[in-house]
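**Student:** Test case, fold it:
(one chain, ligands or ions: 1)
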Amino acid sequence: MQLRIPGPTPCPDEVLKAIGRQMINHRGKAFVEMSTRIIPRLQECFQTKNDVLILTTSGTGGLESAVVNTLSPGDKVLGISIGVFGDRFAECAKVYGAEVIPLKYELGKAANPDDIRKALKDNPDIKAVMVTHNETSTGTTNPLKEIAKAIKEFDKLTLVDAVSSMSSIDLPVDAWGLDVVVSGSQKGWMVPPGLAFVSVSERGWKAHAESKMPKFYFDYARAKKFAADGQTPWTPAVSVYFGLDVALDMMLKEGLQNIFARHKRVADKARAWVKARGLRLVPEEKYASNTVTAVHVPDDIDESKFRTTLRTEYKVEIAGGQSTMKGKVFRIGHLGFINDKDMDEITAAMDQALLKAKK
Ligand SMILES: *Cc1c(COP(=O)(O)O)cnc(C)c1O
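**Tutor:** Below you'll find the predicted structure:
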């Protein structure tokens, strides 16, 4: 089976073997050693010297942690949204009492740094900017480097959803000056769901010290205190740690730049297929994601039949559209454990399934 949804993604055999290991004491030496090996390698992947905390939760929990650890009820935040996940991040801040000023774009569009400048100029009391690096629902990658530059001009806190990009698309946290950056284990990391990784800058820690939103399980200060001893405040997803320990070895052996190049190569193949079949990408090609390709369903194709045929007859599972894009968009996940040959198999299978799904 080729599981090609944008998370969970397939795991290499070495990782599967590791996660099947017997449990260990999460307060014992073996766990401390493992976590002491893992954190510097996560920092390497985040390209940061900032703290990287590991939370046992899904990506959304990581986003919630960014909100409750840096903001106070009543804080004004700019909620940039180019799709479902941008909306979710903003909603989370709203639920906790932040005043969200939305900056929303049509589906398939990327955010424009000049619009952000204007919003920050018009609302000088904004404390933080929330932004999605890679919008998985529309297969669109925001120009985060330029966006971060715009935010820096106004000296605001930057909270980034990098759940489906970190480790697959170049995202140098320190070089771009990003304060809180969140990723999730089941996306580009070649491990199962269960862990979120969050980098926190010095400015992020200052915001934490002032933040008044309620926090307990996700409190960064507790996580940092325990991390100093190679532990976590609560029982972690030990099995996912086992897998991550192995996956990070594989990733750093391949090299970050090579991983980014592989993702681009595979994504280029997906996009070339879309064009060759006369189909239409959801995003403008310039902003098309290297981890997920979102495609408009053409009028003459039965979308449900297409994906069902692909799954049952050709053993390739791709994702449908989310929210208002249900039935109108299909999405090919190509992040983490994927190579050129996989994508050739996927496109060949999609060709067959397209023929069978013609109305
Ligand atoms: C998958 C994803 C999330 C949510 O992660 P969960 O692990 O499902 O909670 C958030 N943001 C983006 C961009 C994602 O791709």
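
**Student:** Of all residues in the stretch 251-359 of the chain, which one is closest to the ligand?
**Tutor:** Distances between the stretch 251-359 of the chain and the ligand by C-beta to the nearest ligand atom are smallest at Val292, namely 7.8 Å. C-beta coordinates here come from the backbone N, C-alpha and C atoms, glycine included.

**Student:** what's the answer for the chain, then?
**Tutor:** Nearest to the ligand in the chain, going by C-beta to the nearest ligand atom, is Gly59, at a distance of 2.6 Å.

**Student:** ok now do the residue nearest to that residue when sequence neighbours are not counted, which residues does it touch?
**Tutor:** When the adjacent residues along the chain are set aside, Gly59 lies closest to Gly184, with 3.1 Å between them (C-beta to C-beta, 6 or more residues apart in numbering). Residues near Gly184 by C-beta atoms under 8 Å, 6 or more residues apart in numbering: 7, 58-59, 62, 163-164, 193, 195-197.

**Student:** Let me have those in TSV, extended by pLDDT and distance to Thr36.
**Tutor:** Converted to TSV, the contacts of Gly184 look like this (pLDDT from 0 to 100; distance: C-beta to C-beta, whole Å):
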residue	pLDDT	distance to Thr36
Gly7	97	27
Ser58	98	25
Gly59	98	24
Gly62	98	21
Val163	98	25
Ser164	98	28
Pro193	98	24
Leu195	98	16
Ala196	98	19
Phe197	98	16
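
**Student:** Just give me the closest of these to Met34.
**Tutor:** The nearest member of the contacts of Gly184 to Met34, counting by C-beta to C-beta, is Leu195 at 12.7 Å.

**Student:** Report the contact partners of that closest one.
**Tutor:** Residues counted as contacts of Leu195 (C-beta under 8 Å, 6+ apart) are 54-57, 184-185, 236-237, 240-241, 244.

**Student:** Show me what the host helix or strand of Leu3 is packed against.
**Tutor:** Secondary structure here is read from DSSP states H and E; on that basis Leu3 sits in strand 2-4. Counting by 3 or more C-beta pairs under 8 Å, 6 or more residues apart in numbering; DSSP states H and E, the packing neighbours recorded for strand 2-4 are strand 316-320, helix 340-356.

**Student:** For Cys92, find the nearest of those.
**Tutor:** strand 316-320 (22.3 Å).

**Student:** what residues does this protein put near the ligand?
**Tutor:** For the chain, the residues found near the ligand under the criterion C-beta under 6 Å from any ligand atom are 6-7, 58-60, 85, 132, 134, 136, 161, 163-164, 184.

**Student:** Just those residues: which are in helices?
**Tutor:** Secondary structure defined by DSSP state H assigns 59-60, 85 of these to helices.

**Student:** most neighbours, which of the residues you listed?
**Tutor:** For those, the largest neighbour count, defined by other C-beta atoms under 10 Å, is 25 neighbours, found at Gly59.

**Student:** shouldn't that residue be in contact with Val181?
**Tutor:** No: in this structure, Gly59 is not within contact of Val181 by C-beta atoms under 8 Å, at 11.9 Å.

**Student:** re the thing from before, among the contacts of Gly184, which one has the most neighbours?
**Tutor:** The most crowded member of those is Ser164, carrying 32 neighbours; neighbours defined as other C-beta under 10 Å.

**Student:** tell me the contacts of that residue?
**Tutor:** In this structure, Ser164 makes contact with 6-7, 59, 134, 136, 184, 187-188, 289, 291-292, 335, judged by C-beta under 8 Å, 6+ apart.

**Student:** just to revisit the earlier point, mind putting the contacts of Leu195 into TSV with pLDDT?
**Tutor:** As requested, the contacts of Leu195 are arranged in TSV below (pLDDT from 0 to 100):
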residue	pLDDT
Ile54	98
Leu55	98
Thr56	98
Thr57	98
Gly184	98
Ser185	98
Pro236	98
Ala237	98
Val240	98
Tyr241	98
Leu244	98
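
**Student:** My guess is Ser168 contacts Met190. True?
**Tutor:** No: taking C-beta under 8 Å as the contact criterion, Ser168 and Met190 are not neighbours in contact, 10.1 Å apart.

**Student:** Looking at those two, which is more packed in?
**Tutor:** Regarding Ser168 and Met190, a neighbour count based on other C-beta under 10 Å identifies Ser168 as having more, with 32 against 25.

**Student:** Next, the contact list for the more buried one, please.
**Tutor:** Ser168 is in contact with 187-188, 259-260, 263, 290-291, 335-336, counting by C-beta under 8 Å, 6+ apart.

**Student:** One more: Gln43?
**Tutor:** For Gln43, the contact set (C-beta under 8 Å, 6+ apart) comprises 49-50, 52, 199.

**Student:** any idea how far the most centrally placed residue in the chain is from Phe197?
**Tutor:** Nearest to the geometric centre of the chain sits Val163, at 1.6 Å (C-alpha atoms, centre = their mean). Val163 sits 10 Å away from Phe197, taking C-beta to C-beta, to the nearest Å as the criterion.
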